[in-house]
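Visitor: With the sequence up front, the predicted model follows.
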Amino acid sequence: MDTLSNMRMFVRVVEAGSFTAAANSVDKSTGQVSRAVTELEAHLQTRLLNRSTRHVGVTEAGQRYLQHCYRILAFVDQAEAEASNAHLQPSGRLRVHATASFGQHYVMPAVLRYQALFPQVSVELTLSQHVPDLIEEGYDVSVQLGAIELPDSGLVSVPVAKTCNILCASPSYLTRHGTPATVADLAAHTCMRTSSPVFPQSRWNLDGPYGTETFELPPSPFQVNVAEAMALALRDGRGIGALPLWTAMPWLRNGTLLRVLPTHRMNETHIRVLYVSREYLDAKIRSWVDFLRDFIPQTLDDGDNVPPAAVLTDADLTM
């Protein structure tokens, strides 16, 4: 039995004054409306209406039940309206996960810009290297980076952009030790290892004018798994190291770091947005994913437009 539907029929009969009038108002037969009320009475074990050939009267129990029906159906209508509106107007809480380094440099600025457009959405952003279970941990969206396509997980995966990693060193290091002109020249330098899923620990695969060249890394005096920590070591003049472009950009712009082998790139990285389902997608999730698809590529392009020179000019730094 559909209790809510039968409650609506009961209310309709009372308001219309007869089964026939109620049936006409909802485009149903009189028999269907009568059966709905009879089912409701059988379920409640209570007579709600007194019937005659010309008149329908509400019993005392029916009057009390009618008031409850009004309140219950009003709550149901409100809940349905709010749920339906979630597909139209972004509002409510949006739980977002992103990898730590990329999230700090790109997702956090995106959140600020997004909330300026959609102030009714409150964003809860978590930055971590841990890849969450979106359903179990209650996240709406996760921004993930990877070198290859993700395995089939049942999640919706939306490609957003591609980026890369580059070699960097401080001006002081290059002044002391010289600037490598080829991949082979790296053998004469202190090369710092980054330990992460994106970076093989024992080699650098550099894509340049002559295709992919591999440099086998010697033992490193320093190794770390967070790009920002590697950037600090490089800025201190410890050697040459690989950094994600988004991590390196602020230091390239102010001259604290310089790009080494500027015609070479490493580890093409795919940026994807993951969420649970395409069906009945909440407006806040849909609008956030659409926003990221515009914001991230544009921001990456702005950063990648710094000329790939070993030394940046004053003009470069003001771009």
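Guide: Now that the structure is in, tell me what you want to look at.

Visitor: Any buried residues in the longest helix anywhere in the chain, and which?
Guide: Identified as the longest helix of the chain according to DSSP state H is helix 60-85. Along helix 60-85, these residues count as buried under the neighbour rule (16 or more other CB atoms under 10 Å): 62, 65-66, 69. Bear in mind the C-beta positions are built from the backbone N, C-alpha and C, glycine included.

Visitor: try stretch 8-24
Guide: Neighbour-count burial for stretch 8-24 flags 8-14, 16, 18-19, 22-23 (criterion: 16+ other CB under 10 Å).

Visitor: ok, which stretches of the stretch 1-150 of the chain are helices?
Guide: For the stretch 1-150 of the chain, the helices defined by DSSP state H, counting those that start in this stretch cover 3-16, 19-26, 30-44, 60-85, 100-102, 108-117, 134-137.

Visitor: Can you lay out those helices as TSV showing distance to Glu228 and mean pLDDT?
Guide: Shown next, in TSV, are the helices of the stretch 1-150 of the chain (distance: least, CB to CB, whole Å; pLDDT from 0 to 100):
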stretch	distance to Glu228	mean pLDDT
helix 3-16	55	90
helix 19-26	64	88
helix 30-44	64	92
helix 60-85	41	83
helix 100-102	6	83
helix 108-117	14	95
helix 134-137	25	85
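
Visitor: Make JSON lines out of the ones you listed and add distance to Arg203.
Guide: Shown next, in JSON lines, are the helices of the stretch 1-150 of the chain (distance: least, CB to CB, whole Å):
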{"stretch": "helix 3-16", "distance to Arg203": "65"}
{"stretch": "helix 19-26", "distance to Arg203": "73"}
{"stretch": "helix 30-44", "distance to Arg203": "73"}
{"stretch": "helix 60-85", "distance to Arg203": "53"}
{"stretch": "helix 100-102", "distance to Arg203": "22"}
{"stretch": "helix 108-117", "distance to Arg203": "32"}
{"stretch": "helix 134-137", "distance to Arg203": "34"}
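
Visitor: Between the ones you listed, which one is closest to Pro159.
Guide: Set against Pro159 and scored by CB to CB, the helices of the stretch 1-150 of the chain come closest in helix 100-102, at 14.9 Å.

Visitor: That closest one - contacts with which helices or strands?
Guide: The helices and strands touching helix 100-102, judged by 3 or more CB pairs under 8 Å, 6 or more residues apart in numbering; DSSP states H and E, are helix 245-254.

Visitor: before we move on, the earlier item: give me the distance from the longest helix of the chain to the chain's centre.
Guide: How far helix 60-85 lies from its chain's middle: 36 Å, per CA atoms, centre = their mean, to the nearest Å.

Visitor: How about the lengthiest strand in the chain, which residues are buried there?
Guide: In the chain, with assignment by DSSP state E, the single longest strand is strand 156-169. Residues 156-158, 160-161, 163-169 are the ones in strand 156-169 that count as buried (16+ other CB under 10 Å).

Visitor: what do you get for stretch 212-229?
Guide: For stretch 212-229, a neighbour-count test (16+ other CB under 10 Å) marks 213, 215, 217, 220, 222-224, 227 as buried.
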